[in-house]
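*Asks:* Would you be able to build a 3D model of this:
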Amino acid sequence: MIQAILLTFLAGLMMFNGMPHFVQGISAREYPNLTGNSPMRNAVGGLVAFVIAGALIVPAHVAAHPWPAAIAGVLGAAVMTVFHAGGGAFRLNRRFGKPMPKA
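*Replies:* Residues are numbered from 1 along each chain as shown. Sure thing, here's the model as predicted:
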């Protein structure tokens with residue numbers, strides 16, 4: 001059960017981290033990203049995050065522990081939602097001296 005909880009929590013984090021990057025990328029807008037702020041890098045980074053989230057779900061054995069896995073996934077999603085809604089990506093760019101996206 002611990003494996004299901006941990007992996008689905010991480011999958012929730014990755015899925016909801018990928019969303020703003022993917023959406024901004026396919027909207028041709030810059031967004032803070034570790035690999036660069038360009039729309040293309042964000043779109044690809046978002047897709048990679050989705051693939052990682054899916055890859056984390058497979059070994060989680062969610063069917064064996066559906067409720068703990070679902071709760072953990074929602075908690076991971078909530079953590080990343082609060083991070084992005086609070087401007088976390090922009091704060092990290094500033095903290096590490098990365099260029100800020102163009103307005």
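*Asks:* and stretch 30-46, how far from the chain's centre?
*Replies:* 12 Å (Cα atoms, centre = their mean, to the nearest Å).
*Asks:* for stretch 44-58, same thing?
*Replies:* Here stretch 44-58 is found 9 Å from its chain centre; the criterion is Cα atoms, centre = their mean.
*Asks:* Name the residues of it that are buried.
*Replies:* Neighbour-count burial for stretch 44-58 flags 44, 45, 46, 49, 50, 52, 53, 56, 57 (criterion: 16 or more other Cβ atoms under 10 Å). In this view, the C-beta of every residue, glycine as well, is placed from N, C-alpha and C.
*Asks:* The second one sits in which helix or strand?
*Replies:* Counting by DSSP states H and E, the element that carries residue 45 is helix 39-57.
*Asks:* What is that helix packed up against?
*Replies:* Where contact means 3 or more Cβ pairs under 8 Å, 6 or more residues apart in numbering; DSSP states H and E, helix 39-57 is packed against helix 2-26.
*Asks:* and the helix holding residue 45, average pLDDT?
*Replies:* Mean pLDDT, helix 39-57: 97.
*Asks:* so which two of the buried residues of stretch 44-58 are the farthest from each other?
*Replies:* Greatest spatial distance among these (Cβ to Cβ): 44 and 57, at 20.8 Å.
*Asks:* on that earlier part again, C-terminal to the helix holding residue 45, what's the next element?
*Replies:* Elements were assigned by DSSP H and E; along the chain past helix 39-57, the next helix or strand is helix 66-85.
*Asks:* At the geometric centre of this structure, which residue sits there?
*Replies:* Nearest to the mean C-alpha position of the chain, by Cα atoms, centre = their mean, lies residue 17 at 1.6 Å.
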